[in-house]
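1. let's see this in three dimensions:
(one chain, ligands or ions: 1)
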Amino acid sequence: MATIAWLGLGHMGGPMTANLVKAGHTVRGFDLVPAAVDAAAANGVTPAASAAEAVADADVVFTMLPKGEHALAAYTGSNGVFATARPDALLIDSSTIDIDSCRTLHDQAEAKGFRFVDAPVSGGISGAKAGTLTFMVGGAVGDVESAREFIEPMAGNVIPTGAATTGQAAKICNNLMLFINLASTCEGAVLADRLGLDPKVFWDIASVSSGDSWALRTWYPIPGIVETAASNNDFAPTFTTDLANKDIGLAIAAAKSTGTPLQIGEHVQKLLQQVADAGFGGKDCTMIVKLVDESLGD
Ligand code: NAD
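-> Predicted coordinates for the structure are as follows:
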């Protein structure tokens, strides 16, 4: 069993590390928020007082951080991963970040002789808890294969995507589709309600019909229908509006650099921005349903 350093013990990193501990690994965890470290420690993670303390002598380093800027800081800072990890440590970034930051991390890792893969995930907090996440892993073939055994306790699927940054490319395109699906689910759900359908009856139909999607089955925006949905819990975040806005922004940036028109994606980004501007960026992204039922701010 390996010693694994983990930086970023938030909504995803917390339950993901619990599954690595269950698999028998020693996991040393660090987060800038002490409460996140305490919560992970309750699941068997060894708390570290700094990133450098977590990373020193570890066989494997995982990062699960919000954005590219956080990942760049965590790897390239003077006490960052590149400065403190064992030269033969395997470095795995599971954050969802922009392609340019991901490319920088790959280039710097290579220049310093580290093995590095981009391995973002899909499946949400429920998938993180259940150990059923889909990992999309980009990098050198041998490094991707080496990462597999450490990823597997957290994964339902481990899918090699190809060369450096292709894991992020897959994740960015997947999430573009997710948030478009979410927006369409919000419109269908509210319209069904106004047409007099029982919400459960409509959900039962859509979930076995052509309106089905992961957003519908996991994040249904009408309360009382899907257990995992934030709509049951006053939109306490499972995936914040700010993170969703970030992710769709990554797709829009990637689309600009490739000359790809994303008319629907750009519209959904405006909806997420509207929710954030109303002061709900820290609430769950399924709050865009409030833009359909016209009660945002109530
Ligand atoms: P989060 O904000 O809950 O957790 C991120 C954690 O990183 C925070 O606790 C923060 O304090 C910590 N952090 C920031 N900089 C740090 C540093 N330098 N060192 C140590 N810790 C640091 O976010 P999350 O929901 O766990 O998401 C993490 C990543 O996974 C994001 O890129 C997100 O887009 C992606 N993701 C999230 C979900 C989801 O459903 N929440 C699903 C798939 C992917």
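2. please make it C-alpha for all contacts and neighbour counts, starting now.
-> Noted.
3. what's the longest helix in the protein?
-> Longest helix of the chain, by residue count under DSSP state H: helix 166-194.
4. where does this protein have low pLDDT?
-> Along the chain, the parts satisfying pLDDT under 70 run over 295-298.
5. close to the ligand: what parts of it are there?
-> Contact residues (CA under 6 Å from any ligand atom) of the chain with the ligand: 7-13, 30-33, 64-67, 70, 74, 95-96, 121-125, 238-239, 243.
6. ok, now how distant is Val158 from Ala147?
-> Note on Val158: its distance to Ala147, by CA to CA, to the nearest Å, is 10 Å.
7. number of nearby residues for whatever residue of the stretch 101-250 of the chain ends up closest to the ligand?
-> Closest residue of the stretch 101-250 of the chain to the ligand, CA to the nearest ligand atom: Gly124 (3.4 Å). For Gly124, the tally of surrounding residues (other CA atoms under 10 Å) stands at 18.
8. what sits up against the longest strand anywhere in the chain?
-> When the chain is parsed with DSSP state E, its longest strand is strand 155-162. When contacts are defined by CA atoms under 8 Å, 6 or more residues apart in numbering, strand 155-162 is touched by residues 131-141, 144, 148, 151-152, 167, 170.
9. so which residues of the stretch 101-250 of the chain form helices?
-> Secondary structure of the stretch 101-250 of the chain (DSSP state H, counting those that start in this stretch): helices at 124-130, 141-151, 166-194, 199-206, 214-218, 241-258.
10. now Arg86. Nearest residue, chain neighbours left out?
-> Of all residues not flanking Arg86 in the chain, Asp57 sits nearest, at 5.6 Å (CA to CA, 6 or more residues apart in numbering).
11. buried only: go through the residues of the chain next to the ligand for me.
-> For the residues of the chain next to the ligand, a burial check counting by 16 or more other CA atoms under 10 Å picks out 7-13, 30-31, 64-67, 70, 74, 95-96, 121-125, 238-239, 243.
12. would you check that the residue nearest to Arg86 makes contact with Asp88?
-> No: applying CA atoms under 8 Å as the test, Asp57 and Asp88 come out as separate, 9.6 Å apart.
13. which of the two has more neighbours?
-> Neighbour totals were compared for Asp57 and Asp88, and Asp57 leads with 18 against 13 (other CA under 10 Å).
14. so how far is Asn157 from the more buried one?
-> From Asp57 to Asn157 the distance is 29 Å (CA to CA).
15. before we move on, what about Tyr220?
-> Distance, Tyr220 to Asn157, using CA to CA: 24 Å.
16. when the two are compared, which one has more neighbours?
-> More neighbours surround Tyr220 than the other of Tyr220 and Asn157, with 26 against 16 (other CA under 10 Å).
17. phi, psi of the more buried one?
-> With angles defined as degrees, to the nearest 10, Tyr220 sits at phi -50, psi 130.
18. list the contacts for it?
-> 185-186, 226, 229, 231, 286.
19. same thing with Phe179?
-> Under the criterion of CA under 8 Å, 6+ apart, the neighbours of Phe179 are 244, 248, 265, 268.
20. now render the residues you listed as CSV, adding distance to Ala255 and neighbour count.
-> CSV is the format used below for these (distance: CA to CA, whole Å; neighbours: other CA atoms under 10 Å):
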residue, distance to Ala255, neighbour count
Ala244, 17, 22
Ile248, 10, 26
Gly265, 10, 19
Val268, 15, 22
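21. save those as CSV, and put in distance to Pro47 too.
-> Below are the contacts of Phe179 laid out as CSV (distance: CA to CA, whole Å):
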residue, distance to Pro47
Ala244, 29
Ile248, 33
Gly265, 40
Val268, 39
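22. from those residues, which two are the most distant?
-> Across the contacts of Phe179, the longest distance by CA to CA is 11.7 Å; it joins Ala244 and Gly265.
23. what's the residue lying closest to Ala74 once chain neighbours are set aside in contact with, if anything?
-> Closest residue to Ala74 apart from its sequence neighbours, by CA to CA, 6+ apart: Gly80 at 5.1 Å. Residues in contact with Gly80 (CA under 8 Å, 6+ apart) are 51-52, 73-74.
24. whichever of those end up buried, select them in PyMOL.
-> Of the contacts of Gly80, the buried ones can be selected in PyMOL as follows, counting by 16+ other CA under 10 Å:
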select buried, resi 51+52+74
